[in-house]
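Undergrad: turn this into a structure:
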Amino acid sequence: MRSVAGQAAAPAAGVGLDSARVRQALVQRLRQQGLRHESVLAALAQVERHRFVDSALVAQAYEDTALPIGWGQTISKPSVVGRMLELLCAGRALPLGRVLEIGTGCGYQAALLARLCREVYSIERIRGLHERARDHLRPLRIANLHLILGDGCGGYPSGAPYAGIIAAAGGAELPAAWLEQLEVGGRLVAPAEVRPGEQRLVVVERTARGWQRHEFESVHFVPLQSGVV
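TA: Residues are numbered from 1 along each chain as shown. Here you go, the predicted model:
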């Protein structure tokens, strides 16, 4: 095959899961489902999700499905990840400032956050997952991402205050530490149990007068737990 200039065209970059076309197809599906934030869509198009799942599951990496990552945890559906990032970023100048992620998991969302924020702290309570995320992320050499092994229920005071906090687990109450560690103008996005058996995405914004809370669609996340294991 030759280009219009008469010279041999370069081969397409990637023909399998490494191909940008695979990620663009996922982004297009998410756009059709209603995801509209262009910076979030661009991040989803750039970060290779298959590098964050077990080798036996890579064929499903670009389906809109949650996948097991070990220790009873999952990597969330791309549509849910995209929606939470959209809620975090909507109506705000990017990149955001310092952001805290509660629950690193396999590291996929942390890699996305690093493209949307100036600095990301990501805390994980399960040592095995923390180490696996570190292995996944090390080749990417993301300079503005810091991984922490610790109990996310208390947030991470050393990095506070935060322009944003995003959590990958939910309980009946949002920990007071998360709210206190938001800067004025900061935003928390997390699943929370709004009624027995009903979990929704919740957004809390800190204002000079206090906190404003908004509830969004139903979700299903693993329960928030304390302690390092």
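Undergrad: which residue ranges of this protein form helices?
TA: Applying DSSP state H to the chain gives helices spanning 20-32, 38-46, 78-89, 108-113, 127-137, 176-180.
Undergrad: and the contacts of the first one?
TA: Okay, so that is helix 20-32. 13-14, 16, 41, 44-49, 62, 64, 78-79, 82 (Cβ atoms under 8 Å, 6 or more residues apart in numbering). For every residue, glycine as well, the C-beta is placed using N, CA and C.
Undergrad: most tightly surrounded among the helices of the chain?
TA: Here the criterion is mean neighbour count by mean count of other Cβ atoms under 10 Å, and of these the winner is helix 108-113, at a mean of 26.
Undergrad: where's residue 119 relative to residue 162, distance?
TA: 9 Å (Cβ to Cβ, to the nearest Å).
Undergrad: give me the more crowded residue out of those two.
TA: residue 162 (27 against 19; other Cβ atoms under 10 Å).
Undergrad: excluding residues flanking it in the chain, which one is nearest the more buried one?
TA: residue 100 (4.9 Å; Cβ to Cβ, 6 or more residues apart in numbering).
Undergrad: beta partners of the one you found?
TA: residue 121, residue 165 (DSSP bridges).
Undergrad: that one touches residue 123, doesn't it?
TA: Yes - if you go by Cβ atoms under 8 Å, residue 100 and residue 123 touch, sitting 7.1 Å apart.
Undergrad: can you pull the residues that touch both of those two?
TA: Joint contacts of residue 100 and residue 123 (Cβ under 8 Å, 6+ apart) are residue 156.
Undergrad: more neighbours: which of those two?
TA: Counted by other Cβ under 10 Å, residue 100 and residue 123 do not tie: residue 100 has more neighbours, with 30 against 23.
Undergrad: pLDDT score for that one?
TA: You'll see residue 100 listed with a pLDDT of 98.
Undergrad: do you know how far it is from residue 183?
TA: On the measure of Cβ to Cβ, residue 100 and residue 183 end up 11 Å apart.
Undergrad: now residue 89
TA: 16 Å.
Undergrad: okay but residue 78 is in contact with residue 49, surely?
TA: Yes - Residue 78 is in contact with residue 49 according to Cβ under 8 Å; the separation is 6.8 Å.
Undergrad: what do those two both touch?
TA: 26, 62.
Undergrad: now the helices of the chain in TSV, with distance to residue 221 and mean pLDDT?
TA: Output for the helices of the chain, formatted as TSV (distance: least, Cβ to Cβ, whole Å; pLDDT from 0 to 100):
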stretch	distance to residue 221	mean pLDDT
helix 20-32	19	95
helix 38-46	19	98
helix 78-89	9	98
helix 108-113	12	98
helix 127-137	15	98
helix 176-180	15	98
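Undergrad: looking at those helices, spot the one closest to residue 167.
TA: helix 176-180 (7.3 Å; Cβ to Cβ).
Undergrad: in the protein, which spans are strands?
TA: 67-70, 73-75, 96-102, 117-124, 145-149, 162-167, 182-195, 198-207, 210-218 (DSSP state E).
Undergrad: JSON lines for those, including distance to residue 20?
TA: Listed next are the strands of the chain as JSON lines, based on distance: least, Cβ to Cβ, whole Å:
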{"stretch": "strand 67-70", "distance to residue 20": "21"}
{"stretch": "strand 73-75", "distance to residue 20": "20"}
{"stretch": "strand 96-102", "distance to residue 20": "25"}
{"stretch": "strand 117-124", "distance to residue 20": "23"}
{"stretch": "strand 145-149", "distance to residue 20": "22"}
{"stretch": "strand 162-167", "distance to residue 20": "26"}
{"stretch": "strand 182-195", "distance to residue 20": "28"}
{"stretch": "strand 198-207", "distance to residue 20": "29"}
{"stretch": "strand 210-218", "distance to residue 20": "29"}
